[in-house]
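Trainee: here is a sequence with its predicted model. Questions after.
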Amino acid sequence: MESALAEIDTPVARLRAMIRCELESIQGENGHALAVLVYEWRSLSPENQEKLLHIREAYEQLWLTEFTGAAEYLKPGIEPFVLRRFLSGSLYWTTYWYKESGALTLSDLTEMALKLILK
């Protein structure tokens, strides 16, 4: 995600890239790892939990930083922390219903998710 953001300088385009990267991770080879990160992390050993939570905290902070930079474009009245939780829940849930062979593409989902958070 950081490499995708390195070449983008507008707030909305940065959010679009982040959503797309997250969807690609959820639907791609990293999907199982992401499932552990989101749903199964408590099953890890305490030392692995600590490592994972540190990585997750840095990742979530990246989102909060981007939300702060894009505040004027986001729907008003939703705290960035809560907005991220709503968005991540929506994106993570696609693992249960999205089919690559279906009518929607990841680009379609990216744009739809972006519409959920923009004014």
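Mentor: In hand now; what should we look at? Residues are numbered from 1 along each chain as shown.
Trainee: helices along this structure, start to end?
Mentor: All helices of the chain, identified by DSSP state H, fall at 2-5, 11-27, 31-35, 46-69, 80-97, 106-117.
Trainee: now those helices in TSV, with mean pLDDT and mean neighbour count?
Mentor: Bear in mind the C-beta positions are built from the backbone N, C-alpha and C, glycine included. Formatted as TSV, those follow (pLDDT from 0 to 100; neighbours: other Cβ atoms under 10 Å):
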stretch	mean pLDDT	mean neighbour count
helix 2-5	90	12
helix 11-27	95	19
helix 31-35	71	13
helix 46-69	92	13
helix 80-97	93	14
helix 106-117	97	15
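Trainee: okay, now the closest residue to Leu62 other than its chain neighbours: neighbour count?
Mentor: Nearest residue to Leu62, sequence neighbours excluded (Cβ to Cβ, 6 or more residues apart in numbering): Met1, at 7.0 Å. Counted with other Cβ atoms under 10 Å, residues neighbouring Met1 total 17.
Trainee: so what's Met1 up against?
Mentor: Met1 sits next to 17-18, 21-22, 59, 62 when contact means Cβ atoms under 8 Å, 6 or more residues apart in numbering.
Trainee: over to Leu62?
Mentor: By Cβ under 8 Å, 6+ apart, the contact set of Leu62 is 1-2, 18.
Trainee: related to what we said a few turns ago, distance to Tyr39 added to the contacts of Met1, as JSON lines?
Mentor: JSON lines is the format used below for the contacts of Met1 (distance: Cβ to Cβ, whole Å):
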{"residue": "Ala17", "distance to Tyr39": "25"}
{"residue": "Met18", "distance to Tyr39": "21"}
{"residue": "Cys21", "distance to Tyr39": "20"}
{"residue": "Glu22", "distance to Tyr39": "15"}
{"residue": "Tyr59", "distance to Tyr39": "16"}
{"residue": "Leu62", "distance to Tyr39": "21"}
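Trainee: no more questions from me, cheers.
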